[in-house]
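Trainee: With the sequence up front, the predicted model follows.
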Amino acid sequence: MAKKTSTKKTSSAKKPKFQGLKAFFKNRQTQTVAGLFLIVFALFLIIAFFSFFFSWQEDQSTLNQFADKTIKSKNLLGKIGTQLSDFFIFRGFGLAAFIIPVLIFLTGISILFKVSLKTIVKNWNWGILFMLWIAISFGFASNKILSGIVGFELNEYLQTFLGSTGLTLSLAFILFSYLIIKFKITPEKVIAQIRSKKKESNPVDEAPQDEDFKDSYPTKSNEEPIEIDLDTTKKTSEFELSVKDLKPTISNFSDAKDSKKEQPETVPKPKEAENEEVVIDVEELSEEDHVTENLSDRLVKDFGEFDPKLELGNFKFPSLNLLKQYNESISIDPEELEANKNKILETLKNYKIGIDKIKATVGPTITLYEIVPEAGVRISKIKNLEDDIALSLSALGIRIIAPIPGKGTIGIEVPNKKSTIVSMHSVISSNKFQESQMELPIALGKTISNETFVVDLAKMPHLLMAGATGQGKSVGLNAVLASLLYKKHPAEVKFILVDPKKVELTLFNKIERHYLAKLPDTDDAIITDTTKVIHTLNSLCIEMDNRYDLLKSAMVRNIKEYNVKFKARKLNPNDGHQFLPYIVLVIDEFADLIMTAGKEVETPIARLAQLARAIGIHLIVATQRPSVNVITGIIKANFPARIAFRVTSKIDSRTILDASGADQLIGRGDLLYTAGNDIQRIQCAFIDTPEVEKITDFIGSQRAYAEAYQLPEYVGEEAGTTLDNDISERDKLFREAAEVIVTAQQGSASLLQRKLKLGYNRAGRLIDQLEAAGIVGGFEGSKARQVLISDLVALDQFFENEQS
Ligand SMILES: Nc1ncnc2c1ncn2[C@@H]1O[C@H](COP(=O)(O)OP(=O)(O)OP(=O)(O)O)[C@@H](O)[C@H]1O
């Protein structure tokens with residue numbers, strides 16, 4: 001008894017609490033507010049989702065910096081919009097995620113208008129099923145923005161067990177089942193529908209005769225009787241379904257006639273009906289005309305533009321905080337400025353050169369004094385005084401620019417007593433670099449007026465770099481590479497790094513599978529050995545020829561147009577077309593190579609330099625010794641863009657820049673840049689080894705491609721080309737490979753890679769063995785090899801013959 005009373009007590013104690021809650025939720029005001037909230041939230045999601053489709057790529061980088069106020073999101077609904085959209089669309093269900101706000105919206109409406117909870121639950125059940133179905137179906141498109149990661153993974157998972165055909169059948173079955181349940185379709189109804197359609201197609205002949213008469217007239221004159229029918233059914237609403245389902249009979253029709261006496265003309269008017277049908281026919285014809293849609297447009301509509309970055313869709317660019325920040329405010333010392341000005345004026349006065357005006361621009365390492373001489377002073381006179389002015393200022397690194405191009409003044413560059421470091425951080429974070437639309441932007445450093453200097457490697461199109469040892473060449477190369485790493489996705493650019501010194505570029509080994517390109521069957525992506533350099537350069541020439549073939553068959557002039565066309569799905573990958581990344585070849589010590597390999601290196605480099613600009617191969621060649629036997633005429637002629645760090649003699653300066661000046665630099669990243677016309681003095685951005693290491697570590701720790709970008713195989717002249725047809729040493733998959741190749745009638749290693757899921761090397765070996773056996777023909781550059789056996793029967797015959 002005691003027990004009973006206690007339980008009673010507790011339940012009665014809880015009751016008022018729950019009752020209060022219940023009453024709160026039953027209150028119509030609460031429900032109205034909740035309903036409205038859901039509607040507004042649904043609209044919020046819809047706007048965020050729409051916006052996400054236009055801004056998701058730019059907003060990738062903001063996802064991890066939610067709290068950082070300085071980083072703004074492009075989504076119309078800000079960072080929360082981006083986060084929610086990323087969660088539901090990218091990480092969730094892709095395009096199908098739109099169903100979620102629709103369901104929330106319906107739930108809001110349901111709460112507002114007190115629709116039963118059962119209906120809400122039913123809506124959600126169907127909605128979620130439908131969403132999963134769409135997401136899995138889009139999974140076939142391998143486009144994560146369409147299918148979402150959930151759709152993509154589910155698709156992959158199901159494909160493993162059902163195969164793509166099985167999955168397609170299952171999806172189709174689910175769709176049909178849904179339609180059958182939703183629209184109450186039965187075989188009888190379908191047959192009845194087909195019959196009535198048939199009658200529709202020749203209505204005049206059979207018009208007034210039988211019970212299907214009403215269906216066979218889709219004209220105004222026959223619609224009216226149906227209306228009357230419906231009116232009558234409305235009156236007896238319980239029978240709505242059964243009346244609708246009834247086939248109209250002549251008696252129905254005459255009933256209708258009775259109820260609307262003005263209607264009798266409707267029956268005997270087949271002529272009018274015929275005329276109207278002619279009009280309908282014409283409309284149908286014009287509709288057919290509209291349905292001529294270009295295949296590429298349709299593909300783009302269905303799958304979106306091709307996204308080369310999709311394979312590494314989650315790749316994150318290195319963040320700015322990996323780079324060191326220095327105190328970069330330029331301190332202007334007025335005393336120093338005054339003293340320099342006085343010295344300049346005095347020296348010029350000694351030579352009887354009067355001055356109208358003098359102006360100073362203080363840069364990070366040097367100050368530019370701009371002089372406007374008095375009328376009548378000859379510029380050449382001042383130019384000749386270069387050494388005297390340098391002497392009187394008793395400073396290294398004085399350069400006179402007479403006149404400054406486009407300004408009509410004379411410039412005297414004087415090094416600052418205290419120079420400021422230009423950090424990589426400051427140039428990379430500059431708007432100029434971040435917002436640049438260049439193909440291969442390089443933030444080289446800062447100009448004398450302290451502006452960030454950004455150039456496009458794609459426009460150069462090749463760069464020659466020289467400077468005596470210890471003047472900043474390696475730092476310069478690292479700055480170039482870091483700029484590209486901060487701006488270009490691994491799908492867009494690949495590097496080939498040649499480093500005979502074996503130390504400078506080794507850090508980049510960590511990003512081999514993201515950013516580097518190498519020869520097949522080589523272990524190290526960074527090339528240190530001269531023979532390998534020769535092979536790589538020749539392989540690059542083959543790549544260049546292949547790319548030119550692709551450009552030719554795509555009927556475009558350069559890689560940019562080619563990639564645009566490929567992204568618009570106008571080029572068929574089955575014809576060998578693929579998205580082409582830029583390739584940047586960096587040679588750190590060119591003098592070494594020329595000394596050891598001479599013409600063997602010079603010839604392919606000159607060929608690449610002459611021809612490779614249109615197909616996206618760009619060279620950066622650096623050397624310590626800019627002498628004429630290293631930078632030969634042919635090399636120089638094809639490298640219009642040059643960077644000179646400090647060199648030891650005027651002759652070296654002339655060799656690299658075709659002008660003196662590099663011998664007067666002050667070192668530590670002080671450089672002269674020319675792209676063929678005027679020369680600019682730049683302070684190179686400083687990036688040290690630990691910073692490079694952090695960047696490469698950051699990139700290296702992310703998901704990568706299966707292997708480095710493979711360059712075409714180059715068989716050196718010394719390598720034998722005879723192929724060994726030894727049956728016992730054939731790969732285990734030889735027969736399967738032969739079947740794949742013969743079925744597809746296309747002899748390519750990449751086909752084997754895809755169909756048999758092999759690595760490049762094994763697929764390459766199999767192709768060699770197939771060639772040795774006489775199943776495929778010889779190597780034909782970019783084209784697939786010819787298949788010499790016509791079908792599988794002939795292939796069986798071939799193997800039988802071989803065994804016997
Ligand atoms: N942009 C720069 N700003 C400030 N200091 C720099 C800059 N570039 C280089 N230095 C200084 O000069 C030193 C040598 O630079 P770096 O190693 O790039 O020379 P190098 O020309 O590559 O020499 P080597 O040819 O012998 O390898 C660096 O350790 C650094 O202290």
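Mentor: It's in. Residues are numbered from 1 along each chain as shown.
Trainee: Which pLDDT does the model give the residue nearest the centre of the chain?
Mentor: Central residue check for the chain by Cα atoms, centre = their mean: the C-alpha nearest the mean position is that of residue 309, 4.0 Å away. Residue 309 carries a pLDDT score of 83 in this model.
Trainee: who's in contact with the residue of the chain found nearest the ligand?
Mentor: Closest approach between the chain and the ligand, counting by Cβ to the nearest ligand atom: residue 669, at 2.2 Å. In short, each C-beta sits where N, CA and C put it, glycine included. Listed by Cβ atoms under 8 Å, 6 or more residues apart in numbering, the contact set of residue 669 reads 365, 422, 445, 471, 472, 475, 476, 645, 683, 684, 685, 686.
Trainee: how about the helices in the stretch 301-450 of the chain?
Mentor: 334-350, 379-384, 386-393, 424-428, 431-434 (DSSP state H, counting those that start in this stretch).
Trainee: In TSV, list the ones you listed along with mean neighbour count.
Mentor: As requested, those are exported to TSV (neighbours: other Cβ atoms under 10 Å):
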stretch	mean neighbour count
helix 334-350	15
helix 379-384	14
helix 386-393	16
helix 424-428	25
helix 431-434	14
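Trainee: Can you lay out those as a markdown table showing distance to residue 108?
Mentor: Supplementary listing: the helices of the stretch 301-450 of the chain in a markdown table, determined by distance: least, Cβ to Cβ, whole Å:
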| stretch | distance to residue 108 |
| --- | --- |
| helix 334-350 | 69 |
| helix 379-384 | 78 |
| helix 386-393 | 78 |
| helix 424-428 | 46 |
| helix 431-434 | 41 |
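Trainee: out of the ones you listed, which comes closest to residue 490?
Mentor: With distances scored as Cβ to Cβ, the stretch of the helices of the stretch 301-450 of the chain nearest to residue 490 is helix 424-428 (17.9 Å).
Trainee: Rounded mean pLDDT for that closest one, please.
Mentor: Averaging pLDDT along helix 424-428 yields 93.
Trainee: Now tell me what touches that helix from outside.
Mentor: Outside of helix 424-428, the residues that reach it under the criterion Cβ under 8 Å, 6+ apart are 320, 323-326, 328, 433-434, 443-446, 452-454, 479, 482-483, 486, 685-687, 691.
Trainee: Restricted to buried residues, select those residues in PyMOL.
Mentor: Selecting only the buried members of the contacts of helix 424-428 in PyMOL, with burial defined as 16 or more other Cβ atoms under 10 Å, works like this:
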select buried, resi 323+433+443+444+445+446+452+453+454+479+482+483+486+685+686+687+691
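Trainee: can you narrow the contacts of helix 424-428 to ones near the ligand?
Mentor: residue 686 (Cβ under 6 Å from any ligand atom).
Trainee: Could you point out the helix or strand that follows the longest helix along the chain?
Mentor: Using DSSP state H to define each element, the chain has its longest helix at helix 144-183. Under the assignment DSSP states H and E, the closest C-terminal helix or strand after helix 144-183 is helix 187-201.
Trainee: Which strands or helices does that following helix pack on?
Mentor: In terms of contact count using 3 or more Cβ pairs under 8 Å, 6 or more residues apart in numbering; DSSP states H and E, helix 187-201 is assigned no packing partners among helices or strands.
Trainee: Render the CA-only coordinates of it in CSV, please.
Mentor: Once non-C-alpha atoms are left out, helix 187-201 reads as follows in CSV (Å, rounded to 0.1, in the frame of the first residue of the first chain):
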residue,chain,number,x,y,z
PRO,A,187,-1.6,-2.3,-65.1
GLU,A,188,-5.3,-1.9,-66.0
LYS,A,189,-5.1,1.8,-65.7
VAL,A,190,-2.0,1.9,-68.0
ILE,A,191,-3.7,-0.2,-70.6
ALA,A,192,-6.8,2.0,-70.5
GLN,A,193,-4.7,5.0,-70.9
ILE,A,194,-2.9,3.6,-73.9
ARG,A,195,-6.2,2.7,-75.5
SER,A,196,-7.6,6.1,-75.0
LYS,A,197,-4.4,7.6,-76.5
LYS,A,198,-4.8,5.5,-79.5
LYS,A,199,-8.3,6.7,-80.0
GLU,A,200,-7.2,10.2,-79.6
SER,A,201,-4.9,9.9,-82.6
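Trainee: What average pLDDT does it get?
Mentor: For helix 187-201, mean pLDDT is 72.
Trainee: Then stretch 568-576?
Mentor: The average pLDDT for stretch 568-576 rounds to 84.
Trainee: what does stretch 760-775 give?
Mentor: Throughout stretch 760-775, pLDDT has a mean value of 84.
Trainee: Next up, phi/psi of the residue of the chain closest to the ligand, please.
Mentor: Here the main-chain torsion angles of residue 669 (degrees, to the nearest 10) amount to phi 90, psi 0.
Trainee: re earlier: okay, and which of the contacts of helix 424-428 map to strands?
Mentor: Of the positions in these, 443, 444, 445, 446, 452, 453, 454 sit in strands, assigned by DSSP state E.
Trainee: These into CSV, with extra columns for pLDDT?
Mentor: Converted to CSV, the ones in strands among the contacts of helix 424-428 look like this (pLDDT from 0 to 100):
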residue, pLDDT
443, 94
444, 94
445, 94
446, 93
452, 93
453, 94
454, 95
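Trainee: ok so, going back, which strands and helices lie in contact with the longest helix of the chain?
Mentor: Helix 144-183 sits against helix 117-138, with contacts defined as 3+ Cβ pairs under 8 Å, 6+ apart.
Trainee: circling back: residues touching the residue nearest to the centre of the chain, list them.
Mentor: Neighbour list for residue 309: 57, 315, 489, 491, 492 [criterion: Cβ under 8 Å, 6+ apart].
Trainee: Please enumerate the helices of the stretch 501-650 of the chain.
Mentor: Counting by DSSP H, counting those that start in this stretch, the helices of the stretch 501-650 of the chain are 512-515, 530-554, 559-567, 590-597, 599-611, 633-637, 650-657.
Trainee: can those go into TSV with extra columns for mean neighbour count?
Mentor: Formatted as TSV, the helices of the stretch 501-650 of the chain follow (neighbours: other Cβ under 10 Å):
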stretch	mean neighbour count
helix 512-515	24
helix 530-554	19
helix 559-567	18
helix 590-597	19
helix 599-611	18
helix 633-637	15
helix 650-657	20
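Trainee: So which of these is nearest residue 707?
Mentor: Residue 707 lies closest, by Cβ to Cβ, to one member of the helices of the stretch 501-650 of the chain: helix 512-515, at 6.1 Å.
Trainee: Convert the C-alpha atoms of that closest one to PDB, please.
Mentor: Below are the C-alpha coordinates for helix 512-515, written out as PDB (Å, rounded to 0.1, in the frame of the first residue of the first chain):
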ATOM      1  CA  GLU A 512      55.600  14.900 -54.800                       C
ATOM      2  CA  ARG A 513      52.200  13.400 -55.200                       C
ATOM      3  CA  HIS A 514      50.400  16.800 -55.200                       C
ATOM      4  CA  TYR A 515      52.500  19.100 -57.300                       C
END
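Trainee: any idea what sits nearest residue 770, other than its immediate chain neighbours?
Mentor: Excluding the flanking residues, the one nearest residue 770 by Cβ to Cβ, 6 or more residues apart in numbering is residue 776, at 4.7 Å.
Trainee: May I have the beta-bridge partners of the one you found?
Mentor: Per DSSP bridges, residues listed as beta-bridge partners of residue 776: residue 787.
Trainee: tally of neighbours for it?
Mentor: Number of residues near residue 776 (other Cβ atoms under 10 Å) recorded here: 26.
Trainee: and the gap between it and residue 740?
Mentor: Remark: distance between residue 776 and residue 740 (Cβ to Cβ, to the nearest Å) = 11 Å.
Trainee: do residue 668 as well
Mentor: Counting by Cβ to Cβ, the gap between residue 668 and residue 740 amounts to 59 Å.
Trainee: Same question for residue 326.
Mentor: As defined by Cβ to Cβ, residue 326 lies at a distance of 58 Å from residue 740.
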